[in-house]
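*Asks:* sequence plus predicted model, see below.
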Amino acid sequence: MQRHEVGHSFLARLGKTKLRPGGATATNWLLKRSKIQKNTKILEVACNMGTTMIYLAKKYGCDVVGLDQSPTALEKAKQNISKNNLSQKLKTIQGNALKLPFEDNTFDIVINEAMLTMLNESAKLKAIKEYYRVLKPNGVLLTHDVCLFLDDVSKKEKLIDELSRTINTHVGPMNAADWKKLFETSGFKNSQKVGKMTLMNPIGMIHDEGLVRTLKIIRNGLKSENRTMFFKMFTFFKNNQQNLGYIANYSVKKGASTNEKISRN
């Protein structure tokens, strides 16, 4: 296995299917607010293995386009879509979030989970402007990312550096106020939910994956070839559970009202 495997790829290889900082709790909060219908046009950016796409098609009967840069992720998504007999409803395409291959005002909803955290500030802004462009008026952007619960600049920088080294990729998480500013600067009305990180928390994993799959993930993590990375990630998130969490951002393009209060569980 790769010595410097990226965190989310590592967890996926162990068998984890929910690769988001707030797991199903954050995703479900976003989806419940969205009033999805069978004819809702949805784009998921960074669709990865297609887990959310498949869930949407099964629950709401809607068509979804999934975009990802990784050919490997897209191949896994296609396999999962085929296994679930959803090839007629779900389409995958290789592409870049910073230059989406779609016309203006195409989608009712754009979903993008656990990707913006990986970008620097200018790239975040560019991606969000692209999401704004392809959304219809009053369309909704659903994002789910890592949230910092620190205000001290030096402590934030140290934590971000440690997180980047732990998961073997550069990250740029922000606090709730800075996330809100980013979306509102881009022309969205934004409301938020923040909470505890569930990614490697045992209780959160059982909630997201079920007991049997969680035990399988842990068993795989304890194998000799995985043990060092597994404990490095587990220890980091356990030690920083007061400083890192998730943020779900529900952002509406123009003219629709939103409750802008932050709810925290």
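*Replies:* That came through, no problem. Predicted model, so just to flag it, every value in this text is computed and none were measured. Residues are numbered from 1 along each chain as shown.
*Asks:* what strand or helix carries the residue lying closest to I206 once chain neighbours are set aside?
*Replies:* Spatial nearest neighbour of I206, excluding adjacent residues (Cβ to Cβ, 6 or more residues apart in numbering): T214 at 4.9 Å. Using the backbone N, CA and C atoms, a C-beta is placed for each residue, glycine as well. Here T214 sits within helix 211-221, counting by DSSP states H and E.
*Asks:* now for that helix, which elements pack on it?
*Replies:* Packing partners of helix 211-221 (3 or more Cβ pairs under 8 Å, 6 or more residues apart in numbering; DSSP states H and E): helix 7-14, helix 202-209, helix 227-239.
*Asks:* how about those helices, which one is nearest N220?
*Replies:* When the helices and strands packed on helix 211-221 are compared by Cβ to Cβ, helix 7-14 sits nearest N220, at 4.3 Å.
*Asks:* got the angle between the closest one and helix 202-209?
*Replies:* Computed by axes from the mean of the first three to the mean of the last three Cα atoms, to 10 degrees, the angle separating helix 7-14 from helix 202-209 equals 70 degrees.
*Asks:* after helix 7-14 comes which helix or strand?
*Replies:* helix 23-33.
*Asks:* same for that following helix, what does it pack against?
*Replies:* So helix 23-33, by 3+ Cβ pairs under 8 Å, 6+ apart, packs with strand 135-148, strand 188-196, helix 202-209, strand 244-253.
*Asks:* what ranges do the helices span in the stretch 51-200 of the chain?
*Replies:* Along the stretch 51-200 of the chain, the segments classed as helices by DSSP state H, counting those that start in this stretch run 51-60, 71-83, 121-134, 153-167, 176-185.
*Asks:* rebuild those as TSV, extending it with distance to F234, mean pLDDT and mean neighbour count.
*Replies:* Below are the helices of the stretch 51-200 of the chain laid out as TSV (distance: least, Cβ to Cβ, whole Å; pLDDT from 0 to 100; neighbours: other Cβ atoms under 10 Å):
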stretch	distance to F234	mean pLDDT	mean neighbour count
helix 51-60	22	95	19
helix 71-83	24	95	16
helix 121-134	28	96	18
helix 153-167	10	94	15
helix 176-185	25	96	17
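*Asks:* tell me which residue is most central in the protein.
*Replies:* The centroid of the chain falls nearest to E113 when counting by Cα atoms, centre = their mean (1.9 Å).
*Asks:* who are the contact partners of that one?
*Replies:* Applying Cβ atoms under 8 Å, 6 or more residues apart in numbering, we find E113 in contact with 20, 27, 46, 52, 142-145.
*Asks:* need the phi and psi values for the residue located most distally from the centre of the chain.
*Replies:* Residue farthest from the centre of the chain, counting by Cα atoms, centre = their mean, is S224 at 29.0 Å. Here is the backbone geometry of S224 (degrees, to the nearest 10): phi -60, psi -40.
*Asks:* tell me the spacing between it and F230.
*Replies:* According to Cβ to Cβ, to the nearest Å, S224 and F230 sit 11 Å apart.
*Asks:* CA atoms of stretch 59-68 as PDB?
*Replies:* Output in PDB follows, covering the C-alpha atoms of stretch 59-68 (Å, rounded to 0.1, in the frame of the first residue of the first chain):
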ATOM      1  CA  LYS A  59     -35.100   7.700  -1.700                       C
ATOM      2  CA  TYR A  60     -36.500  10.400  -4.100                       C
ATOM      3  CA  GLY A  61     -36.500   8.700  -7.500                       C
ATOM      4  CA  CYS A  62     -34.600  11.600  -9.000                       C
ATOM      5  CA  ASP A  63     -31.800  11.700 -11.600                       C
ATOM      6  CA  VAL A  64     -28.300  12.800 -10.400                       C
ATOM      7  CA  VAL A  65     -25.200  13.700 -12.300                       C
ATOM      8  CA  GLY A  66     -22.000  12.900 -10.400                       C
ATOM      9  CA  LEU A  67     -18.700  14.600 -11.300                       C
ATOM     10  CA  ASP A  68     -15.300  13.700 -10.000                       C
END
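*Asks:* can we start the residue count at 23 from this point?
*Replies:* Yep, numbering from 23; the last one is stretch 81-90 now.
*Asks:* isn't F32 up against K254?
*Replies:* No. Applying Cβ atoms under 8 Å as the test, F32 and K254 come out as separate, 10.0 Å apart.
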